[in-house]
Each structure stands twice: as C-alpha cells, then as structure tokens.
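> Coordinates only, no sequence provided:
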C-alpha cells in the first residue's frame, strides 16, 4: 500500500505540476461548461436533465473520455520504458502491481477532477436556490469515475504493450472506440429484433456503454454493473502487471 | 553476478505464457460479470429523489412471482397526423418502464420491440401478431405460456386527450395520463390468476355472429368477432350456446351474452337462462334496434327485474358543420356520443371511465325505463341518455324522421345501460346482470371505441375486477429561469468562463514557476 501511495503521489504531482494537464483541463472544462449551459437552455431550464447529459448522455462526454485517457496514460509506462526510468522503478522496493495501481489512481484522479465540475455546477445551483437531485448527480459522478478508471486501465495496458507513446495512444484509442462500438456491433450482428440469447448474453458481458447508461446515468447503483466495471478494470490491471513483469525477462 | 540471457525460443515461450495469462484474466473477468449478474446475487439502489428507477412494490412482487419470463411484444410504428406525437410519447414512456422493470427484476420479462419499418421486420411481426391473435396497431401484448393480455396504447397504457379541433381554440392531441405500470401490473396479475372465465354467446335468435368477419364485410354483417378476439386476449375462454343444439347452459359458463337478438326467445329456452341465473351465472343482454317483439321471454325476464325496454331509438341533435348549430332530422342523430357526465360514478363498470373522461359511442340505441327494483334485486344506473336526446318513434309506415315530435315523443332522460344484482334462491353470491340498449356497442365497427366499457362490463360480470393502484410519483423538478433573472448568467459565467479560466490561470502559474526553476 505504501508503494502504491508513493507511486500515486509521484504520478499525481507529475500530472498536475505540468502545464499540459491544466491546458487539457481548461479545454475539457470549457467544452463541458458550454455543453451544460446549452443543455440547460435547451431543456427550458431543467438542470437535472442537463447534468445527466453532461455525465454520460452527450457525445462530448464520450469523446473526451476516449481521446483524453490515451493522452494521459500513453507516457506512464511506454515513455518511462523508453527513457530507462521504468527499469529504475522496477528495481525500487515496490511491486509491479503497486506501480500500475498507483499510475491508474493518478490518471483516474485527473478525470475525477474533470467530472467534479458537474457536482460543482450543482453547488452553484444550490447556492442560487435551485437544488438539483443530488442522489442522481452523485450516482452519475461515481459512475463517471469508475468508467474513467476503465478507460485509463485500457490506456495503461496499451502503454505497457509498446515503448512508443504515440503507438500506445493509438492502441488505447482503438480499444476505447471498440468498447463503445459493442452495442453497434450487437445491432449489426443480431438485427433490431434479436432472438439469439447466447449472442446477446455474450455481448452483455463486454457492453460497457449500455451498462453505464442503465445504471449510473439514470441514478441507480446496481451491483451487477458495478462489478462489471471492477472486473474489467481488474482484468486489464492484471494484464498490465504481467506485461510489466515480462519486460524483466527480455 | 552472472548475467542471464534467454534464447529466442525461451522468449517466445515466455511471451506465450504472458499472452495466455492475459487471456485467462479476461475470461476470469467475464466469469465474474456473469456470476454477479445472477438475480439472486444482485442488488440495486435508486438514488433519485423521484424514485423514477423503481417500480411500485406491488409490481415488483408480481414480477418476482412469475413462474417464468413473461413475453412483452411491442407493435408500434410512428404515425403521421395529430395523434402521432402523443402515441410516440406513450411508446417511449412504456419502453422506459420496461427498462426499469428488467433492471429491477432481471429475467422477469422478455421484451421484444418489433421492427415495423423494414420488410423483414414486418414479416416477423406479422407472424408474431398472428400467433398472438392481434390485428390492430399500436398494441402491446403481455403473454405467459399460452395466455396473453392485450394492452391498447389508449386507453390501457395512457389516456389521450384528443384536444380541440375547432380552429378558433385549437389544441393538439396530447397524452393526458400515463398508467403503463398499472396496466402492466394488472396484466401480470391476470396472467398469474388461475381463473379463465368462460363467456358463451347465445345463438339462434338472430344474434350477432362472433366468428371473425372479413374486413370488407364488417359494415354489412352483424358481427362481434373483434369482441370475441378481445375477450380471448383478456384471458376469457369464449364459445357459443345454442339452446336448440346444446340444451341447458353448460355448468362451466360464467357469463352468458345475448348480443342483438332480433327474434323472440321462447319461454322454454328462457328457462335454461333462468336456471343459469339462479345458480349464480351472469347475464349480458344487448338489445337490437328492431321493434319490440311479442312473446319475448327475455324481455319479460328483464321486466320482472325492473328493466323495461322502451320503444323507439334514442336520437340526439347533431352540430351542423357549416353553421355550428344543433340540428335534427338527419340520420346522424342516431349516432350518440355519450360523454363522461352521463356515466355513473358509483359503479365499477363506469366509474373508471368517468374518472378518465372517456366517451362512449352508440348507434341505434334503445333505452330502458327503470322500474322500482323488485325484492331480491338491486339496480344500478350505468349510462344515461345524452342531453337533449329523445326517443324517436317510427311513423305508421315504420319510417324514422329523426326529429322530435312533441305530441308523441319526449326528452325525458332515460337509461342506455343498467346493471343488476339478483339474489339466488340458494343464498350464494348474487347473480349479475347488465342490460345495454345498443348491441352496436359490441359491433366490429364500434367495439374498439367502446373497448374499455366492454372490458369493464365483462370483468364485472365475471367478478374479475383486477385493479391495481400504483402510488403516484411526483416528478423531481429543478429549473432555473433561462430568460430572466441572474441565475442563468451566473451559471454561464461559472461554467464557461470561471472554472476553465481558473484551470488556465493555474496552468500559467505552474508554467511560470517551472521556468523560474
């Protein structure tokens, strides 16, 4: 645990003490804020709907997630491998799992700060006398963190596959898009009316988009959907740790 | 210290092992996802203030009690015209309800939204509709095994307000009230009920036929085929009874219906009916528009219980489309639109209709005079005659003039439908009787308009009143005024300028600090 915390603090400082992170936050928060206010206006002043829109129902939410997570995670392993820092890290008295977990927590923290803007809008609205549905907001916010952790884990996995950050970012981006396209693939495979339960059940095991929309975004916490995200985060983390280990033997 | 190097094959073997371990980790994740999705290992918490992600506890229990998954088939195609938007809204709300149901009680429902836009989808939908014996769209069918319940968008899933067509005060149709959860819960309760009441339609006296009629012949034939289909869809077992062929009314009959007899029922056959009523059977009599019949034992039976079928056809003035004035003397006066004010609010057949502002439509309706109820009979008003209506009598040549003749005709209010409870000789639960002045209410042309009235009638006669009340959920509203006041500009300043600006400023500070060392 101490190793994880140490790595997390190192990575967190590395992220947020770089101007790049703040520029990315500036851009993402600008887009997010604009979308939110346009959504509020478009909904005739309804703030709850606009908040759900910003935390999972808009194209830009997914675009930010799919594009930013590879950018944040691409250097975490591949760049360090190329510069030789990774060998230094792997000889330090921390386990490979602690290294990966610490990096994941740091990347996820970036997104937690980004998506915290929506509850912050809620605080502003509360101060203006229009109390939003806090249960709904917090459910969606928790979901956005869990979802961001999944995409960051995929980014770390891609980063562990190669020593070139650009290639790592590309692989992560392709995997992220693949994750989002699972419902589309399902429709193409099965048509609009599905009568193949096995195919549907199989797709449901990997369908992150539908599970996210079915629970967190609508304000419900469902143990099955929560376990889905934790299971796949765990699987990708495990895979990343194994890939790191494999470097020792090359 | 000895440096260890690995040969090519060793490295390949190690890579393969890593790949296998990675694959196994994905398989393990899939397994965890599969196991945690089991209904008995799953819990769900609705954090919204309005409870929009939760069903009523009664509905949840009904879903949990299902012995197997119930199939829900949605047959809907977006329609042009003024009714398009409200029907689309009903469909969207019902699909959202089904989504909540499948999330809250997994594997309880097997939902199929049929594609009616492509030729392949339509072919599949047509086969399924034939299997379910439904023909009208839009419709939802909830089925369990070989039993099914058919839910119409209007009135089962929602009430549609038809709006105001008058251009001077135009109001488009809209969805007035959504009650999809109640409809679904009642359907589930009905499907799980062991009861399948048997309805027999009497034949042999010119009654309406209940065999399905071809669409083209529905206007000319006296047919109630759609009614029989709807009753089957509601879980009734439907058959016919011909006294000459079958003798006494079968013991398994729950409701005996005379729809539009235009010949007298002889006394010997009426004895079968009276025996049936004496043992608690329920009777429905829907009068034909013909002249009063001599030696009609059925009419005499009604009269003994305080219901006298009056001469003539109830007419009401109609509005002239050109002048807007009420006029008489036209055949359209036979078409009665009975509004909710004329429905009784005190009887389970008509009270829900009155509550929801439903109207009925009758053509060539007779009326009843209600006499003081004899001993052992309780009478209930159901449907009254419309305002300004009168009983139009034929002239000596048997022609109708559809105009009020004050000398012989009157506007005295009367009854288009009545109900009765008749004590049984053995002291058991009283038998039930419904008398309706217009067999045309059950006709293939009008039954869809009067469907909720028809269903309530048969459900009451069969003592199958499944009413589920779902607790109303108040929608959570948090709104700001985007046109006036300071709320929206403040929000804009914080969201678009404040927060991003703060991040940019922090970034610049950090960049500056790093440059300085």
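Sure thing, it's come through. Everything numeric in this text was worked out from a predicted model, so none of it was measured.

> Give me the nearest residue to residue B:305, chain neighbours excluded.
Of all residues not flanking residue B:305 in the chain, residue B:377 sits nearest, at 4.9 Å (Cβ to Cβ, 6 or more residues apart in numbering or on different chains). The way it works is simple: take the backbone N, C-alpha and C, and place the C-beta from them, glycine included.

> I'd like to know how far the one you found sits from chain A.
Counting by Cβ to the nearest Cβ, to the nearest Å, the gap from residue B:377 to chain A is 54 Å.

> cool, residue B:138 as well?
As for residue B:138, its distance to chain A is 16 Å (criterion: Cβ to the nearest Cβ).

> Tell me the confidence at the nearest residue to that residue once chain neighbours are set aside?
Distance criterion Cβ to Cβ, 6+ apart; nearest residue to residue B:138, sequence neighbours excluded, is residue B:76 at 4.1 Å. pLDDT, the model's per-residue confidence, is 93 for residue B:76.

> show me what contacts residue B:76?
For residue B:76, the residues meeting the contact criterion (Cβ atoms under 8 Å, 6 or more residues apart in numbering or on different chains) are B:87, B:91, B:113-114, B:116, B:137-139, B:153.

> Test of understanding: give the bridge partners of the residue nearest to residue B:305.
Beta-bridge pairing of residue B:377, defined through DSSP bridges, involves residue B:422.

> Kindly list the longest helix within chain A.
Of all the segments of type helix in chain A, defined by DSSP state H, the longest one is helix A:134-161.

> How many residues are close by the residue nearest to residue B:305?
As a burial measure, residue B:377 scores 18 neighbours (other Cβ atoms under 10 Å in any protein chain shown).

> Check the one 4 residues further on too.
In terms of burial, residue B:381 registers 19 neighbours under the definition other Cβ under 10 Å.

> For the helix or strand containing it, what does the pLDDT average out to?
Here residue B:381 is covered by strand B:377-384, with elements defined by DSSP states H and E. Mean pLDDT, computed over strand B:377-384, is 94.

> to the chain's geometric centre, what's the distance from the helix or strand that it is followed by?
Note on strand B:377-384: by DSSP H and E, the next helix or strand toward the C-terminus is strand B:390-392. Relative to its chain's centre, strand B:390-392 lies at 33 Å (Cα atoms, centre = their mean, to the nearest Å).

> So for strand B:390-392, what gets flagged as buried?
Neighbour-count burial for strand B:390-392 flags B:390-392 (criterion: 16 or more other Cβ atoms under 10 Å in any protein chain shown).

> Show me what that strand is packed up against.
Where contact means 3 or more Cβ pairs under 8 Å, 6 or more residues apart in numbering or on different chains; DSSP states H and E, strand B:390-392 is packed against strand B:313-315.

> show me what contacts residue 67?
Just going to use chain A. Counting by Cβ under 8 Å, 6+ apart, residue A:67 touches residue A:173.

> You answered for a different chain; I wanted chain B.
B:144, B:192.

> And the residue of chain A found nearest chain B, its phi and psi?
Scanning chain A for proximity to chain B using Cβ to the nearest Cβ identifies residue A:22 as nearest, at 2.8 Å. Backbone geometry at residue A:22, expressed as degrees, to the nearest 10, gives phi -70, psi -30.

> and if you look at the one 10 residues further on?
Backbone torsions for residue A:32, taken as degrees, to the nearest 10, come to phi -60, psi -40.

> Around the residue nearest to it when sequence neighbours are not counted, how many other residues sit close by?
Across the structure, with Cβ to Cβ, 6+ apart as the measure, the residue nearest residue A:32 apart from its sequence neighbours is residue A:117 (5.7 Å). Counted by other Cβ under 10 Å, the residues lying close to residue A:117 total 23.

> Residue A:117 and residue B:482: what is the separation?
Distance from residue A:117 to residue B:482, counting by Cβ to Cβ, to the nearest Å: 20 Å.

> same thing with residue B:211?
60 Å.

> Pick out whichever of these two has more residues nearby.
Set side by side, residue B:211 and residue B:482 give different neighbour counts by other Cβ under 10 Å, the larger being at residue B:482 (19 against 11).

> just to revisit the earlier point, so the residue nearest to residue B:305 sits right up against residue B:421, yeah?
Yes: taking Cβ atoms under 8 Å as the contact criterion, residue B:377 and residue B:421 are neighbours in contact, 7.2 Å apart.

> Quick check: neighbours shared by those two?
Shared contacts of residue B:377 and residue B:421, counting by Cβ under 8 Å, 6+ apart, come down to nothing at all.

> Find the nearest non-adjacent residue to the residue nearest to the spatial centre of chain A, please.
Relative to the mean C-alpha position of chain A, the nearest C-alpha, by Cα atoms, centre = their mean, is the one of residue A:148, at 1.4 Å. With Cβ to Cβ, 6+ apart as the criterion, residue A:148 has its nearest non-adjacent residue at 3.5 Å, and that residue is residue A:111.

> The helix or strand hosting residue A:188 - what's its average pLDDT?
Under DSSP H and E, the secondary-structure element containing residue A:188 is helix A:182-190. Over the span of helix A:182-190, the pLDDT mean works out to 74.

> following that helix, which helix or strand comes up?
helix A:197-204.

> Mind listing what's buried along the helix or strand just after that next one?
Towards the C-terminus, the helix or strand next in line after helix A:197-204, according to DSSP H and E, is helix A:208-214. Residues A:208-209, A:211-214 are the ones in helix A:208-214 that count as buried (16+ other Cβ under 10 Å).

> Flag the shaky bits of chain A, pLDDT-wise.
Within chain A, the stretches falling below the threshold (pLDDT under 70) are A:1, A:81-92, A:189-196, A:248-250.

> Tell me where the stretch 351-500 of chain B has strands.
Along the stretch 351-500 of chain B, counting by DSSP state E, counting those that start in this stretch, strands occupy B:360-363, B:368-370, B:377-384, B:390-392, B:415-422, B:431-436.

> As JSON lines, those strands with distance to residue A:103 would be great.
What follows is these, written out as JSON lines (distance: least, Cβ to Cβ, whole Å):
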{"stretch": "strand B:360-363", "distance to residue A:103": "71"}
{"stretch": "strand B:368-370", "distance to residue A:103": "84"}
{"stretch": "strand B:377-384", "distance to residue A:103": "75"}
{"stretch": "strand B:390-392", "distance to residue A:103": "88"}
{"stretch": "strand B:415-422", "distance to residue A:103": "76"}
{"stretch": "strand B:431-436", "distance to residue A:103": "75"}
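
> closest one to residue B:205 among those?
strand B:431-436 (15.8 Å; Cβ to Cβ).

> That closest one pairs with which strands?
Looking at strand B:431-436 with DSSP bridges, its partner strands are strand B:282-286 (parallel), strand B:415-422 (antiparallel).

> In chain B, where's the longest helix?
When every helix of chain B is counted residue by residue (DSSP H), the longest turns out to be helix B:8-36.

> Which elements pack onto that helix?
Using 3+ Cβ pairs under 8 Å, 6+ apart as the contact criterion, the elements in contact with helix B:8-36 are helix A:223-248.

> neighbours around whichever residue of the stretch 101-250 of chain B sits closest to chain A, how many?
Of all residues in the stretch 101-250 of chain B, residue B:115 sits closest to chain A, at 4.4 Å by Cβ to the nearest Cβ. Around residue B:115 sit 17 other residues, with neighbours defined as other Cβ under 10 Å.
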